[in-house]
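**Student:** Give the three-dimensional model of this entry:
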Amino acid sequence: MISNSLYRPAAKIVLGLEGSDECVFVAGSRGRLNLPGGGIDEGETAEEALFKELYQELRATPEQVYGLSEIGATWSNEAFTSSEGLPVRPRWKVFAGRLAVARSDLRFASEITRQRVMTPEAYLALPDASSSVLAKRALFLYQQSLSGAQSYN
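**Tutor:** Now for the predicted structure:
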């Protein structure tokens, strides 16, 4: 459900794989590789939305995700058109966590048109046409959280 506000709240996750420094990236109908996660519906918490989307996209259950922490927020002034034809600007709550699933056991939903497992540094090196500017900002927040640096959002 899209609210009437200018911003569409979403929950996204920098999702590392167990025993690896690689993360999971997915692409849906827009084709750009992005972080797993999605919109927060009315009456839903960010964590509830995140786990709903993780199950829809990766068939991952809450029991398979560990070390979950909220690491910040990011937003965009670049609008996309909602299914209702309204201009919407995404606003993300960004989480970090690890998935207790081996790379060979990852399962993706049929609506995921592409998926990649790579390091955050490899994702940051992708051209903007193949990646999400917001995901790159979220990865910056992730790197700050690892280094203990103060974030100013």
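**Student:** Could you measure from the most far-flung residue of the chain relative to its centre over to residue 41?
**Tutor:** Here the centre of the chain is the reference, and by CA atoms, centre = their mean the most remote residue is residue 85, at 23.4 Å. Note on residue 85: its distance to residue 41, by CB to CB, to the nearest Å, is 19 Å. Glycine gets a C-beta too; all of them are placed from N, C-alpha and C.
**Student:** how would you label the residue farthest from the centre of the chain: helix, strand or coil?
**Tutor:** Secondary structure state of residue 85, per DSSP: H, G, I helix; E, B strand; the rest coil, is coil.
**Student:** Run through the residues that contact it.
**Tutor:** Residues near residue 85 by CB atoms under 8 Å, 6 or more residues apart in numbering: none.
**Student:** Could you do residue 59 as well?
**Tutor:** 107, 108, 109.
**Student:** Using TSV, please lay out those residues together with neighbour count, pLDDT and distance to residue 31.
**Tutor:** Below are the contacts of residue 59 laid out as TSV (neighbours: other CB atoms under 10 Å; pLDDT from 0 to 100; distance: CB to CB, whole Å):
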residue	neighbour count	pLDDT	distance to residue 31
107	10	91	21
108	15	92	15
109	14	90	16
